[in-house]
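Next input, structure requested:
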Amino acid sequence: MRAVWLTAFGGPEVLVAGEAPDPEAGPGQALVEVAYANITFVETQYRRTGQGPFSVRPPVIPGNGVGGVVTRVGPGADPGLVGRRVVTATGGQGGYAERAAVDAAGVVVVPDGVPLDTAVALMADGRTALLNLRTVGAVAGQRVLVLAAAGGVGTLLVQLAKAAGAVVVGAAGGRDKGEVVRDLGADEVVDYRTADWPAKVGPVDVVFDGVGGDTARAAFDLITPGGRMLSYGLASGEWAGIGPERAAEREVTLVQGSRPTPDRLRELVSTVLHQAAEGALRPVIGQRFPLAKASDAHAAIESRATVGKTLLEVR
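Here you go, the predicted model:
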């Protein structure tokens, strides 16, 4: 089968298209004919440094999420999955390929009416966005600032927070990205690449930080006493680095959620997929790359020029 190999840690060029043996569905596993592979910013960091949540080492087929059709199941797996459209995590490897053998207990069946590309775009980013919103608590009637609002998670946070009754301020880099955020329902949009962007935002109650660095620190200064900040990403290359003492001085809670269990992750994915089926949530798929161009997809994400979700089209 066609696949993309992580040959070493380094720049995007270490992702090399090639061939690999077809996987088999072992005990408790399902074999998925992959249509789309998910890419996250975390995967680009892992590719470059080897640091992250994955324990695999090169040479390996990377990729932690796929969507496709189950063609076979192994002993002990539910035979009713055969022929079903599913999305699933892969355990950190095997996603950038035409077929993937995955834990059958971890797959989520895609509801009728939800295209597979939509489902894959929602799988990781959707569960992250929904978990973030649940973690900070009720936001109805509050001013919520979403940093990196035009990103995969940010575009979904804008929609979820708005649906929860918040006044949403979306911070994105550039006019084009800002228009995407506005179209998703943000009440206000600001370009955080401009020096005076904090003054244009004013006081907020909640910050969702997917950027880190100076941008996140500036956003922290906008939070009113009693407000909350949740940092989940570091697109800038560094975390916000705000200490608990400084947060206590300003009466701001730095929200940190617990690591979700596999069952909770599946529930989060299932919830966002059903919201998509009802028309209440839609991902922005800004870029699609063929499987063999995975290196180009990684380079695009790292350049911060992408909008919304980036997918690999496998079939």
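
can I see the domain layout of the chain?
Following automatic domain parsing, one finds the domains of the chain at 2-109+284-313, 125-254.

longest helix in the chain, by residue count?
The single longest helix within the chain, with elements called by DSSP state H, is helix 116-136.

Could you say which helix or strand holds the nearest residue to residue 11 once chain neighbours are set aside?
Closest residue to residue 11 apart from its sequence neighbours, by C-beta to C-beta, 6 or more residues apart in numbering: residue 48 at 6.9 Å. C-beta coordinates here come from the backbone N, C-alpha and C atoms, glycine included. Residue 48 is part of helix 41-49 when elements are defined by DSSP states H and E.

Same question for residue 69.
Residue 69 belongs to strand 65-73, assigned by DSSP H and E.

Residue 295 now?
helix 294-302.

go on, residue 178?
Counting by DSSP H and E, the element that carries residue 178 is helix 175-183.

Tell me which residues are up against that helix.
146, 149-150, 154-155, 158, 170, 172, 189-191, 284, 307-308 (C-beta atoms under 8 Å, 6 or more residues apart in numbering).

Quick check: buried residues in stretch 158-165?
Within stretch 158-165, the residues that count as buried by 16 or more other C-beta atoms under 10 Å are 158-162, 164.

and if you look at stretch 49-66?
Under the neighbour-count criterion of 16+ other C-beta under 10 Å, stretch 49-66 has 52, 54, 56, 61-66 buried.

From what I see, residue 197 and residue 188 are in contact.
No. At 11.2 Å, residue 197 does not count as touching residue 188 under the criterion of C-beta atoms under 8 Å.

Quick check: beta-bridge partners of residue 4?
Beta-bridge partners of residue 4, counted by DSSP bridges, are residue 17.

Surely it and residue 17 touch.
Yes. Residue 4 is in contact with residue 17 according to C-beta under 8 Å; the separation is 5.3 Å.

joint contacts of these two?
In contact with both residue 4 and residue 17: 291-292, 294, using C-beta under 8 Å, 6+ apart.

So which residue is dead centre in this protein?
Central residue of the chain (C-alpha atoms, centre = their mean): residue 125, 2.7 Å from the mean position.

Which SSE is immediately downstream of the longest helix of the chain?
Going down the chain from helix 116-136, the next helix or strand is strand 143-147, by DSSP H and E.

could you say what helices and strands that following strand packs with?
The contact analysis (3 or more C-beta pairs under 8 Å, 6 or more residues apart in numbering; DSSP states H and E) places strand 143-147 against helix 152-163, strand 167-172, strand 204-209, helix 213-220.

In its sheet, which strands sit next to it, and in what direction?
Using DSSP bridges, strand 143-147 pairs in its sheet with strand 167-172 (parallel), strand 204-209 (parallel).

Select, out of those, the one closest to residue 141.
Nearest to residue 141, of all the strands paired with strand 143-147, is strand 167-172, at 7.7 Å by C-beta to C-beta.
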